[in-house]
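A.B. asks: 3D model of this:
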Amino acid sequence: MASFHLVDGGGAVHSGGRALTELLRLLPGGGPLAALAGAIQPFTDAVYRLVAGNRSRLGPLIPARVKARADAAIARRQAERAR
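C.D. replies: I've put the predicted structure just below:
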């Protein structure tokens, strides 16, 4: 729980800010943001650590409707995978 991890298709594990950069590469339309995040990777890593270290303070700032929409999207994906 101390860090976000992403395992890519080749089996390589990316953590923290580098995982965020790799995730952006996978998202539709995320290429430009991934390129930016990769170009400033030390800054991306620092921002990741700052946000991750303050999750408990930042979480309550996210509106309930945004959390509900994310929960619904996760539930839909889980239902689709269960089929």
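A.B. asks: if I look at the residue most central in space within the chain, how far off is residue 75?
C.D. replies: Within the chain, the residue whose C-alpha comes closest to the C-alpha centroid is residue 20; the distance, by C-alpha atoms, centre = their mean, is 5.2 Å. Noted for residue 20: a distance of 24 Å to residue 75, by C-beta to C-beta, to the nearest Å. C-betas here are computed from N, CA, C, even on glycine.
A.B. asks: picking up where we left off before, hang on, the residue nearest to the centre of the chain packs against residue 48?
C.D. replies: Yes: in this structure, residue 20 is within contact of residue 48 by C-beta atoms under 8 Å, at 5.9 Å.
A.B. asks: shared neighbours of those two, which are they?
C.D. replies: residue 4 (C-beta atoms under 8 Å, 6 or more residues apart in numbering).
A.B. asks: OK, contacts around the residue nearest to the centre of the chain?
C.D. replies: Contacts were defined as C-beta under 8 Å, 6+ apart; by that measure residue 20 touches 4, 37, 44, 48.
A.B. asks: Regarding the protein, what is its longest helix?
C.D. replies: Within the chain, and with DSSP state H defining each element, the longest helix by residue count is helix 64-82.
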